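A.B. asks: using only what follows, build the 3D model:
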Amino acid sequence: DMLGSDDSLGKVEVPLETLVLAKEYVQWYNLQQRANGESKGRLQVSYKLIVGNQSHSPATLYLTVVRAQNLIAADRGGTSDPYVRLHIGQALKDAKKTKVRKKTLNPEYNHTFKFRLVGSQRQDDLAIECFDHDMVGADDSLGKVTIPIDALRSNEEYVQWHKLRQGNGSKGEIELRYTLVEKSDEQVRAEAETLRPGTLKLEVVRARDLIATDRGGMSDPYVRLHIGHAVKEAQETDIKKKTLSPEWNQTFEFELNRAQRQDYMTFECFDWDMIGADDSLGAFDLELDALVFDQECVEWFELVQEGEMQHQGEVQLRYTFVPGPVESSPDDETTETHPVLSLPDSMTLGPASLEVTVVGAKDLLAADRSGTSDPFVRLHVGNAVKEALKTK
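C.D. replies: Residues are numbered from 1 along each chain as shown. A predicted model of the protein is given here:
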């Protein structure tokens, strides 16, 4: 009303403890009058309850380093040889890197990375740092940016330029495209069931440009490979003596079940020593859920070593994944159920988001003299009327 308080045309209450997690509802409700409890008119609402990003549910962060511009010139010729390093929290040993772009301050990368996030990693920052690659000595930092993962909305694509910070100032920008994909337990399980088991036929072919760790300017390299954290079940290539460019051409076979298809295979190159522990020359991962059926792949993988920014060399792999028979799930005959989310006073499940769309209404009370009304809808949680939201 233009004058005085607005007239209530009726209300409806939705008990949050009855909502099924991640299920979308589209329903008509009868509007109840406060005074006499009678109903007049109906309101259509759609809504979905989503666990907030501060939960510890698993998620995957897809990030593309698109390009950078106006970088610092770190080399004498007035250019740089930039590359980008990315890691979650303090996990430098799991860092990923783009390729080096030679003699440019405006590099193009278009390099996409995938980060699996579990547990407390959902509360970490994604650290992105640009470096100038040097043949001798440590690589120079050209600036960095951090992205708080818990601030990202699930399943929403971000395309943004970020200023590269260095000390108290900034120089240069980097363009990133990223999406946080959060999946329910049911989705994770369904995806696991669609991953075919099979045989991974893998050949460690050769390596090049390895680090020289021995006094004679050479190394005695070999490669150790294992699935996930199963280091005790690791397999190894032969040791090649006094070389930085070893040739192995050594073949391995791994029988992968559905669970292992969701994991990754770690490859770590070592320098063999007669006395003491062998020195790591760097490592890399192969994502097993990305394997393509019956397709031979031949790729070079860059070795990354924790805490180091220098070039670590590369290892060449040749691999083929041969699918096996489809496994039957012991729960195939069970009826699908949905988790019901209750909200205790302590909110131990963490924050959640309730997405609500007020679709429309019909047969409302006529509150004005002309036999119509000027309706709007007000929404609030519990008694928090001061924080209420309104439609137009």
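
A.B. asks: how many neighbours does Ser120 have?
C.D. replies: As a burial measure, Ser120 scores 9 neighbours (other CB atoms under 10 Å). (Glycine included, C-beta is placed from N, CA and C.)

A.B. asks: distance check, it against Asp150.
C.D. replies: Distance, Ser120 to Asp150, by CB to CB, to the nearest Å: 10 Å.

A.B. asks: continuing past the least confident helix or strand in the chain by mean pLDDT, what's the next helix or strand?
C.D. replies: The weakest-scoring helix or strand in the chain, judged by mean pLDDT, DSSP states H and E, is helix 185-194 (a mean of 61). As assigned by DSSP states H and E, the chain's next helix or strand after helix 185-194 is strand 198-208.

A.B. asks: by contact count, what packs against that next one?
C.D. replies: Judged by 3 or more CB pairs under 8 Å, 6 or more residues apart in numbering; DSSP states H and E, the packing partners of strand 198-208 are strand 221-227, strand 247-256, strand 264-271, strand 314-323.

A.B. asks: at 10 Å what do you get?
C.D. replies: Contacts defined by 3 or more CB pairs under 10 Å, 6 or more residues apart in numbering; DSSP states H and E place strand 198-208 against strand 221-227, strand 235-236, strand 247-256, helix 258-261, strand 264-271, strand 279-287, strand 297-302, strand 314-323.

A.B. asks: for the stretch 151-300 of the chain, which spans come out with low pLDDT?
C.D. replies: 183-194 (pLDDT under 70).

A.B. asks: excluding covalently adjacent residues, which one is nearest to the most centrally placed residue in the chain?
C.D. replies: For the chain, Leu61 is the residue whose C-alpha lies nearest the centre (CA atoms, centre = their mean; 1.5 Å). The shortest distance from Leu61 to any non-neighbouring residue, by CB to CB, 6 or more residues apart in numbering, is to Phe115 (4.3 Å).

A.B. asks: mind telling me what element the one you found is part of?
C.D. replies: If you go by DSSP H and E, Phe115 is part of strand 108-117.

A.B. asks: ok and that strand relative to strand 264-271, angle-wise?
C.D. replies: For strand 108-117 against strand 264-271, the angle by axes from the mean of the first three to the mean of the last three CA atoms, to 10 degrees is 110 degrees.

A.B. asks: partners of strand 108-117, with directions?
C.D. replies: Paired strands of strand 108-117, with direction, are strand 59-69 (antiparallel) (DSSP bridges).

A.B. asks: so which bits of the strand it pairs with are buried?
C.D. replies: Buried residues in strand 59-69, counted by 16 or more other CB atoms under 10 Å: Ala59, Leu61, Leu63, Thr64, Val65, Val66, Arg67, Ala68.

A.B. asks: any chance of these in TSV, plus pLDDT and distance to Ala290?
C.D. replies: What follows is those, written out as TSV (pLDDT from 0 to 100; distance: CB to CB, whole Å):
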residue	pLDDT	distance to Ala290
Ala59	82	17
Leu61	89	15
Leu63	91	16
Thr64	91	16
Val65	93	18
Val66	93	21
Arg67	94	24
Ala68	95	26
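
A.B. asks: and the strands in the stretch 51-200 of the chain?
C.D. replies: 59-69, 82-88, 96-97, 108-117, 125-132, 140-148, 157-166, 169-182, 198-208 (DSSP state E, counting those that start in this stretch).

A.B. asks: what would those look like in JSON lines with distance to Val298?
C.D. replies: Output for the strands of the stretch 51-200 of the chain, formatted as JSON lines (distance: least, CB to CB, whole Å):
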{"stretch": "strand 59-69", "distance to Val298": "24"}
{"stretch": "strand 82-88", "distance to Val298": "23"}
{"stretch": "strand 96-97", "distance to Val298": "21"}
{"stretch": "strand 108-117", "distance to Val298": "19"}
{"stretch": "strand 125-132", "distance to Val298": "28"}
{"stretch": "strand 140-148", "distance to Val298": "32"}
{"stretch": "strand 157-166", "distance to Val298": "32"}
{"stretch": "strand 169-182", "distance to Val298": "28"}
{"stretch": "strand 198-208", "distance to Val298": "8"}
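
A.B. asks: relative to Gly276, which of the ones you listed is closest?
C.D. replies: Smallest distance to Gly276 across the strands of the stretch 51-200 of the chain (CB to CB): 22.1 Å, for strand 198-208.

A.B. asks: quick one: contacts for the residue lying closest to Phe270 once chain neighbours are set aside?
C.D. replies: Nearest residue to Phe270, sequence neighbours excluded (CB to CB, 6+ apart): Asp278, at 4.2 Å. Going by CB atoms under 10 Å, 6 or more residues apart in numbering, Asp278 touches Thr213, Asp220, Pro221, Tyr222, Arg224, Ile239, Glu268, Cys269, Phe270, Asp271, Trp272.

A.B. asks: ok, back up a step: state the mean pLDDT of the strand holding Phe115.
C.D. replies: The average of the pLDDT scores along strand 108-117 is 85.

A.B. asks: got the buried residues for that strand?
C.D. replies: Tyr109, His111, Phe113, Phe115, Leu117.
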